[in-house]
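Trainee: Give me the fold of what follows.
(chains A and B)
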2 protein chains.
Amino acid sequence: MKIPGIRDYVIEKLHYILYPKTIAVIGASRDPNKIGHQILRNLVEGGFKGKIYPVNPKAKEILGLKAYPSVKDILDEIDLAVVVVPAPFVKQVIQDCAEKEVKGVIVISAGFSEVGNKKEEDEIVEICRKHKIPLIGPNIVGVLNSSYRLNASFAPSLPFSGKIALISQSGALIIGLIGWTWQYRVGLSKIISIGNKADVDFSELIVYLTEKDEETNCIAIYMEGTDAGRELMEACKRAAGKKPIVILKAGFSKRGEIATMSHTGSMAGSARVYEAAFKQSYVIRAEDLMDLYDKALALSYQPPAMNDNIIIITNGGGAGVLATDAAEEYGIPLQDTPPDLAEKLKKYMPPFGSTKNPVDLTGEANEDWYYGAIVETANHPEIGGIIVIYCHTAITDPMKIATGVSEAAKIAREHRKPIVACFIGGEEVERVSNWLKEQHIPTYPTPVRAVRAMAALREYGRIIERVKRGE
Amino acid sequence: MKIPGIRDYVIEKLHYILYPKTIAVIGASRDPNKIGHQILRNLVEGGFKGKIYPVNPKAKEILGLKAYPSVKDILDEIDLAVVVVPAPFVKQVIQDCAEKEVKGVIVISAGFSEVGNKKEEDEIVEICRKHKIPLIGPNIVGVLNSSYRLNASFAPSLPFSGKIALISQSGALIIGLIGWTWQYRVGLSKIISIGNKADVDFSELIVYLTEKDEETNCIAIYMEGTDAGRELMEACKRAAGKKPIVILKAGFSKRGEIATMSHTGSMAGSARVYEAAFKQSYVIRAEDLMDLYDKALALSYQPPAMNDNIIIITNGGGAGVLATDAAEEYGIPLQDTPPDLAEKLKKYMPPFGSTKNPVDLTGEANEDWYYGAIVETANHPEIGGIIVIYCHTAITDPMKIATGVSEAAKIAREHRKPIVACFIGGEEVERVSNWLKEQHIPTYPTPVRAVRAMAALREYGRIIERVKRGE
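Mentor: Numbers count the residues shown, from 1 in each chain, chains lettered A, B, ... in the order given. Reported below is the predicted structural model:
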């Protein structure tokens, strides 16, 4: 069922799904192997502070919580109904939810349009729309809100907390992507598994997250396709300049398009159509899964780059050259270091260092040189952003270097200039990189990824300019 | 000084540099902050089994080893002289080495052509060539041989041991890249820091590693540029079909070329010239640092793919679509699963799985299904290689899945068909991925990287065909 535009009641009521005070888990099970049990357990163990009501006509109590035969038997008002009964029972459950006047519904259960059962899916949606209840799903992993400690999903843990909202059309990827948030310190505010998107599609979630959710400052989307392209474009345009949107569109290849259709049943649409639509709608595209996280991380932690004059500061010539190659590839035309800045930078390098862009502090660089060089660069009025590269050496302590970078980044932040880092090394350097990310400095293991992240910050800067000019 | 072709004595004597029985460290220092101390300590602590002779006219003993005023005072024959005295003293030291008839020399010391001091560099090279002593450097981190426990460098540790020989023109990257070998389980046999390559250039190292070094089965090169292009091509052609060569060429962009010149002083040369030369010489190109490791890992652990018919086996539709997109991008034209294979694969998935390529075992897939699906695919005569994808789920144990994959990979190996894997998840999944790599199954965190690695195996398969056809 195609969405009839962007609906006000959905934008308003999505709040009940993401910040519910009361939840009914319909299909909660006593059997630890059943998804209906796992979801209840995840809610409880996730630390949800509101009230949880298991619904199961055959149980009196599950996980120490009183169970109810039907959602209608619960005396409390219900903000969110999590539906996990088998597909043939979903319609009746939704009818009950409508009568109970629940505020929002998510349907975990599979067995609908993704296996050809479009009729029942449409009927469920019809009930929800008639009663103005937004529905997410069916066929989803669930919905997670990290700050609110809401894990209404069968993913075993909440993500590392942050400001990125992730919307995923692939359920299978979500658990792995949660693992990445901890491993790579990519902080998420929400995860919304969108599944068959029978009712609520990308567009309304984008509008809600942009306009209503203060805990989100960047929206990352894994998308296979949508039938509601017009609404998607409208939502992205409404978000433009307010919050950046990064989309990884899968199914861009000819064969990928076919695979997408067999996977989610949604039309992938021609690559060119999506490409043009994204461009028009101020969407930043991700190249792959890691790039989706890389770009979202940068956009969520750093201000946009408002001009092309990006300076690379490195302690290794080779890494500087690789970053220079990447800058050209990703549309950052590097410029020479302004002469007055070059003069100042000489203080932070030995005579055989280089003040050219990339600025080479050499392998002798310590934390003071990094600090000084970054601060001078951030203070220079012509500079739009800074890429800091550290190659691990035998004589430097990466944690000290990171501390210098982090202190200097505060000055850059005062000037609203973005900074991203590349720290190359082994496990110790990875721990330091994670610490830097906790200080909101996007840090990557390779020059290419750092440059690509800065290119996203520049792209977002250009989007802001386009919006200002009314383009 | 341009190399006069590929010299037999160099190919023969490089063995003394990489497998020395006796080493003189000329410029060994008692001061723990000096590189001349660190190198001696790294040799000792690295576990080198041969004899080490510190040379320092002002010391009697360093780290418990008797020190000698000059290399000429050592009674033993010297296979390798490691020179770490300041640049102005190097020439005299090399003269001493020549008189002592050492078999090979590496010059760690900087301060030569990279800072404009070409004259002294040429003089040193002249002495070495006159006495047929191969010289690596100057301006290098050193030379490491993991199986031989030789750490003749100022990098604090040997790499994780394996079959890849790494030649790097950037010294600064080496310590970080050693960290990666442990973190990502990328096994290296040798690391050779090539520095100013005043005497021995890439070409002779390639010939030595291909023809003389049984512990190397793949050569990975970080290159900024060379003046000996003809020799490089000749060496790569000699290696073609014997051992794969992967090169990351930095300085491919216009500005990167300038940065390269300022960094190593070598002409980067136009991107097109290198591209054509690499193609003609059967070189596999890496896109970035991580890709250099990714491709070398696959090439060192797996046989080449001898046809285009690659099957993707996944438990997540979305990851399958991403892999399909990547396959098109990286030149693997995916084909339909042969009907007889598709029929057999049905045993290893629920009714809503897909036998199309990508084969979707669904999120319910356990280790037995993975094992069965991989073995059936490996056994099918038309299939050229297999990409296995695992997205972490709430109900599967990644170690069990990995064990199934590893067992099935043995069957693939019997058929000499390559297998690469993508395991998507958090820290637990990363540990499992590292275990898979220890079983010689190249494993990556994203579908794109797994596909790119398989594309390298296919490229090497095509190279073998070209060589056979005499192209």
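
Trainee: so where's chain A shaky on pLDDT?
Mentor: A:1-3, A:259-269 (pLDDT under 70).

Trainee: Please spell out which residue in it sits farthest from the middle.
Mentor: A:Pro351 (44.0 Å; Cα atoms, centre = their mean).

Trainee: ok, now how distant is A:Tyr370 from chain B?
Mentor: A:Tyr370 sits at a distance of 15 Å from chain B (criterion: Cβ to the nearest Cβ, to the nearest Å). For glycine as for every other residue, the C-beta is placed from the backbone atoms N, C-alpha and C.

Trainee: got it, and A:Gly363?
Mentor: Counting by Cβ to the nearest Cβ, the separation of A:Gly363 from chain B is 5 Å.

Trainee: ok, now A:Lys254?
Mentor: 7 Å.

Trainee: Likewise for A:Gln183?
Mentor: 5 Å.

Trainee: How far off centre is the helix or strand where that residue lies?
Mentor: Secondary-structure element containing A:Gln183, defined by DSSP states H and E: helix A:172-184. Put simply, helix A:172-184 sits 11 Å off its chain's centre (Cα atoms, centre = their mean, to the nearest Å).

Trainee: in it, what's buried?
Mentor: Neighbour counts over helix A:172-184 (16 or more other Cβ atoms under 10 Å in any protein chain shown) mark A:172-181, A:183-184 as buried.

Trainee: Quick one: list the elements packing against that helix.
Mentor: strand A:161-168, strand A:188-193, helix A:289-301, helix B:317-329, strand B:385-391, strand B:419-424, helix B:427-438 (3 or more Cβ pairs under 8 Å, 6 or more residues apart in numbering or on different chains; DSSP states H and E).

Trainee: and the closest residue to A:Glu438 other than its chain neighbours, how many neighbours does it have?
Mentor: Leaving aside its chain neighbours, A:Glu438 sits nearest to A:Arg185 (6.0 Å; criterion: Cβ to Cβ, 6 or more residues apart in numbering or on different chains). The local packing of A:Arg185 (other Cβ atoms under 10 Å in any protein chain shown) involves 18 other residues.

Trainee: and the nearest residue to A:Glu328 once chain neighbours are set aside, how many neighbours does it have?
Mentor: In space, A:Glu328 comes closest to B:Ser253 once its chain neighbours are excluded; the distance is 3.5 Å by Cβ to Cβ, 6+ apart. Residues lying near B:Ser253 (other Cβ under 10 Å) number 21.

Trainee: and the helices and strands packed on helix A:172-184 as JSON lines, adding mean neighbour count and distance to A:Ile374?
Mentor: Supplementary listing: the helices and strands packed on helix A:172-184 in JSON lines, determined by neighbours: other Cβ atoms under 10 Å in any protein chain shown; distance: least, Cβ to Cβ, whole Å:
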{"stretch": "strand A:161-168", "mean neighbour count": "24", "distance to A:Ile374": "24"}
{"stretch": "strand A:188-193", "mean neighbour count": "27", "distance to A:Ile374": "28"}
{"stretch": "helix A:289-301", "mean neighbour count": "26", "distance to A:Ile374": "16"}
{"stretch": "helix B:317-329", "mean neighbour count": "28", "distance to A:Ile374": "36"}
{"stretch": "strand B:385-391", "mean neighbour count": "29", "distance to A:Ile374": "39"}
{"stretch": "strand B:419-424", "mean neighbour count": "29", "distance to A:Ile374": "35"}
{"stretch": "helix B:427-438", "mean neighbour count": "19", "distance to A:Ile374": "31"}
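
Trainee: Can you say which of those is nearest to B:Pro339?
Mentor: Judged by Cβ to Cβ, the one of these that comes nearest to B:Pro339 is strand B:385-391, at 18.1 Å.

Trainee: Helix A:172-184 and the closest one, what's the angle between them?
Mentor: Put simply, strand B:385-391 runs at 80 degrees to helix A:172-184, going by axes from the mean of the first three to the mean of the last three Cα atoms, to 10 degrees.

Trainee: CA atoms of the following helix or strand past strand B:385-391 as CSV?
Mentor: As assigned by DSSP H and E, the chain's next helix or strand after strand B:385-391 is helix B:398-414. What follows is helix B:398-414, C-alpha atoms only, in CSV (Å, rounded to 0.1, in the frame of the first residue of the first chain):
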residue,chain,number,x,y,z
PRO,B,398,29.8,-17.6,14.8
MET,B,399,32.6,-19.9,15.9
LYS,B,400,30.4,-22.9,15.0
ILE,B,401,29.6,-21.4,11.6
ALA,B,402,33.3,-20.7,11.1
THR,B,403,34.2,-24.2,11.9
GLY,B,404,31.7,-25.4,9.3
VAL,B,405,33.1,-23.0,6.7
SER,B,406,36.6,-24.1,7.5
GLU,B,407,35.8,-27.8,7.1
ALA,B,408,34.0,-27.2,3.9
ALA,B,409,36.9,-25.1,2.6
LYS,B,410,39.1,-28.3,2.8
ILE,B,411,36.9,-29.8,0.0
ALA,B,412,37.2,-26.6,-2.0
ARG,B,413,40.9,-26.8,-1.6
GLU,B,414,41.0,-30.3,-2.9
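
Trainee: Just the buried residues of helix B:398-414, please?
Mentor: By neighbour count on 16+ other Cβ under 10 Å, the buried set for helix B:398-414 is B:398, B:401-406, B:408-409, B:411-413.

Trainee: Which elements pack onto it?
Mentor: helix B:367-379, strand B:385-391, strand B:419-424, helix B:427-438.

Trainee: Kindly reformat these as CSV and extend each row with distance to B:Lys212.
Mentor: Shown next, in CSV, are the helices and strands packed on helix B:398-414 (distance: least, Cβ to Cβ, whole Å):
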stretch, distance to B:Lys212
helix B:367-379, 34
strand B:385-391, 30
strand B:419-424, 29
helix B:427-438, 27
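
Trainee: Next, count neighbours for whatever residue of the stretch 1-150 of chain A ends up closest to chain B.
Mentor: Relative to chain B, the nearest point of the stretch 1-150 of chain A is A:Val115 (5.6 Å; Cβ to the nearest Cβ). By other Cβ under 10 Å, 13 other residues sit near A:Val115.

Trainee: ok, A:Ala456 to B:Gly426 distance?
Mentor: Distance from A:Ala456 to B:Gly426, counting by Cβ to Cβ, to the nearest Å: 24 Å.

Trainee: Those two: which has the busier surroundings?
Mentor: Higher neighbour count among A:Ala456 and B:Gly426: A:Ala456, with 30 against 22, using other Cβ under 10 Å.

Trainee: For the helix or strand where that one lies, list the C-alpha coordinates in PDB.
Mentor: Assigned by DSSP H and E, A:Ala456 belongs to helix A:447-468. Below are the C-alpha coordinates for helix A:447-468, written out as PDB (Å, rounded to 0.1, in the frame of the first residue of the first chain):
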ATOM      1  CA  PRO A 447      44.000   7.700   4.800                       C
ATOM      2  CA  VAL A 448      41.400   6.900   2.200                       C
ATOM      3  CA  ARG A 449      38.600   6.500   4.700                       C
ATOM      4  CA  ALA A 450      39.600   9.700   6.600                       C
ATOM      5  CA  VAL A 451      39.600  11.600   3.400                       C
ATOM      6  CA  ARG A 452      36.200  10.100   2.300                       C
ATOM      7  CA  ALA A 453      34.700  11.200   5.600                       C
ATOM      8  CA  MET A 454      36.100  14.700   5.200                       C
ATOM      9  CA  ALA A 455      34.600  14.700   1.700                       C
ATOM     10  CA  ALA A 456      31.200  14.000   3.200                       C
ATOM     11  CA  LEU A 457      31.700  16.900   5.600                       C
ATOM     12  CA  ARG A 458      32.500  19.100   2.600                       C
ATOM     13  CA  GLU A 459      29.500  17.700   0.700                       C
ATOM     14  CA  TYR A 460      27.300  18.600   3.600                       C
ATOM     15  CA  GLY A 461      28.800  22.100   3.600                       C
ATOM     16  CA  ARG A 462      27.900  22.500  -0.100                       C
ATOM     17  CA  ILE A 463      24.400  21.200   0.700                       C
ATOM     18  CA  ILE A 464      24.000  23.900   3.300                       C
ATOM     19  CA  GLU A 465      25.100  26.500   0.800                       C
ATOM     20  CA  ARG A 466      22.700  25.200  -1.800                       C
ATOM     21  CA  VAL A 467      19.800  25.300   0.700                       C
ATOM     22  CA  LYS A 468      20.800  28.900   1.700                       C
END
